[in-house]
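Engineer: sequence and predicted model, in that order:
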Amino acid sequence: MKKPDIIPPSAPLIDNYDIKEQSINLSWVPSSSHDVAAYHIYRQTETLSQPELIDSTAAAVHHYVDTSFIPGEILSYYIVAVDESGLPSKPSPSVKLKAPGKADPAVGIQSFKGRSYQKNKMIRLQWTHRLQDVGEFHLYKKDAGIKEAAFSLWKIVPADVITVDV
C-alpha cells in the first residue's frame with residue numbers, strides 16, 4: 001500500500017526567455033521533486049482578470065514557445081509543476097515582458113481557441129476581447145468537405161458571450 005502524497009512539488013524557475021520576431025521562447029529550471037508529471041504554463045495579460053493556462057508539457061520538457069499573443073501586448077508568464085498525484089507546486093516567479101511587434105489598436109480579439117471533445121462530439125470555441133461598444137459577434141463557418149466553399153454565417157452571439165459549444 002502506497003502512502004498518500006500530501007507534499008506538493010517544488011516550484012520550477014524561469015531562467016531564460018528569448019523574444020523573437022513572432023515568438024517568445026521560455027525555458028525553466030525544473031522542479032527538484034522526483035515525482036513531477038507535467039508543467040503548466042500560464043500567461044497573464046493586462047486585459048485578462050485571471051491568468052490563463054496556455055499549455056502543459058511533459059515532465060522531461062523544460063521549454064515552451066508562445067506564438068499566440070497580440071503584438072505589443074504586455075505579458076506575464078509563470079510555470080507550475082504538477083506531480084503524479086495531481087498536486088501543484090507554488091507558481092514560479094513570473095517574468096513580465098512586451099510581446100514582439102507593433103500593437104494594432106484596431107485588433108480587439110485577444111485570443112481565440114478551439115478545443116475538440118471527441119467523447120461528447122463537440123467543439124468548444126473560446127475567445128477574449130477588449131472591444132467596447134460591441135453588441136454581438138458573428139461567427140462564420142466553412143464546409144470542410146467542399147474545397148471551394150465560401151464562409152457562411154453560422155451563429156450570432158451577444159458580446160458578453162465568450163464561449164460557444166458547437
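Structural biologist: Here it is on my side, so go on. Residues are numbered from 1 along each chain as shown.
Engineer: run through the residues that contact residue 124.
Structural biologist: Going by CB atoms under 8 Å, 6 or more residues apart in numbering, residue 124 touches 114, 115, 117, 163, 164, 165, 166. For every residue, glycine as well, the C-beta is placed using N, CA and C.
Engineer: surely the first one touches residue 122?
Structural biologist: No - the pair formed by residue 114 and residue 122 falls short of the contact definition of CB atoms under 8 Å, at 10.7 Å.
Engineer: tell me the SS of residue 92?
Structural biologist: Here residue 92 is recorded as coil under DSSP: H, G, I helix; E, B strand; the rest coil.
Engineer: got a list of what the residue most central in space within the chain touches?
Structural biologist: Closest residue to the average C-alpha location of the chain: residue 54 at 2.0 Å, with CA atoms, centre = their mean. By CB under 8 Å, 6+ apart, the residues touching residue 54 are 41, 42, 43, 66, 68.
Engineer: on that earlier part again, can you pick the most crowded of the contacts of residue 124?
Structural biologist: residue 164 (16 neighbours; other CB atoms under 10 Å).
Engineer: dig out what the closest residue to that residue other than its chain neighbours forms beta bridges with.
Structural biologist: Using CB to CB, 6 or more residues apart in numbering and skipping residues adjacent in sequence, the residue nearest residue 164 is residue 125, 4.7 Å away. Note on residue 125: beta-bridge partners residue 114, residue 164, judged by DSSP bridges.
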